[in-house]
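>>> Sharing a model that was predicted from the sequence below.
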Amino acid sequence: MSSPTTSPLRWSGGGFTEAELREQVCEIGRNLWTRGLVAANDGNVSVRLPDGHVLCTPTMVSKGYMTPAMLPVVALGGEVVRLGEGGLRPSSEVRMHLRAYQVSDDVGAVVHAHPPYATAFAIKGEALAGAMMPESVVAMPEIPLAPYATPTTDEVPDSVEPFIRTHPGCLLEHHGALTWAADLMTAYLAMERLEYSALMTALVRQIDGERQLSPERVAEVRRRFGLA
Ligand SMILES: [Zn+2]
């Protein structure tokens, strides 16, 4: 993976400048592309700026090859505040990101990708839930499915809104996946976790090995991690 052009990147603690957030968005984009969580120009990443606007990825650009100056800025209502270098515009999919910021002040970053295994379940129309591993019980016990929505319409943000306050991410039926969190790295890691859950579910089904932790074990994990 390429190293960031300014270093060291700080990934925790908040209070990032716009310049730092531009570097972070590019690095998260490279991670998504390098790990095969997006293909071609697919996917988009956004983050709330200190001034309340939203920095996002441009349309029609590979997330593996973005530079900080390429990222446009939009207002929470969707108006373009600044174009990216060379007139690059935000993706139309930024509207579902904006809905997450509008619905919850706790959301500081949003990641959208088309991870292969998660998207396979999204096409099948199956939400992911289960307790096959303690990590899932703690981090992502349920990955709901937002019903299919026609791209570029208000149906898309409407379909994800019910999950914003209650879950760290969801599948988008016939489309891909969306994750959100207080900061970029957490939102990105939620996408990795979501795809890993889908991959494991597919693999254990192939070997006819799907097994859940017992309710007692799940309760024990939840108690240990302060979730009960
Ligand atoms: Zn998409």
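Happy to help now that I have it.
>>> Ser92 contacts Asp154, doesn't it?
No. Ser92 lies out of contact with Asp154 (C-beta atoms under 8 Å); the separation is 11.5 Å. From N, CA and C alone the C-beta is placed, and that goes for glycine too.
>>> low-scoring stretches of this structure, by residue?
For the chain, the stretches with pLDDT under 70 are 1-13.
>>> which SS state does Gly77 fall under?
Three-state call for Gly77 (DSSP: H, G, I helix; E, B strand; the rest coil): coil.
>>> what's the distance between the closest residue to it other than its chain neighbours and Gly169?
Sequence neighbours aside, Leu98 is the residue nearest to Gly77 in space, at 7.6 Å (criterion: C-beta to C-beta, 6 or more residues apart in numbering). Applying C-beta to C-beta, to the nearest Å, the value for Leu98 to Gly169 is 17 Å.
>>> The two: which is more packed in?
Set Leu98 next to Gly169 and count neighbours by other C-beta atoms under 10 Å: Gly169 wins out with 25 against 20.
>>> where's Leu194, which helix or strand?
Assessed by DSSP states H and E, Leu194 sits inside helix 184-206.
>>> can you tell me which residues contact the residue nearest to Gly77?
Leu98 makes contact with 54, 74, 76-78, 157, according to C-beta atoms under 8 Å, 6 or more residues apart in numbering.
>>> Of the residues you listed, just the buried ones, ChimeraX syntax please.
For the buried members of the contacts of Leu98, the matching ChimeraX selection, counting by 16 or more other C-beta atoms under 10 Å, is:
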select :54,74,157
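>>> Return the member of the contacts of Leu98 nearest to Val107.
For the contacts of Leu98, the residue nearest Val107 by C-beta to C-beta is Val54; the value is 10.3 Å.
>>> Check whether the closest one really touches Pro72, as I assumed.
No. The criterion here is C-beta under 8 Å, and Val54 misses it with Pro72 at 9.4 Å.
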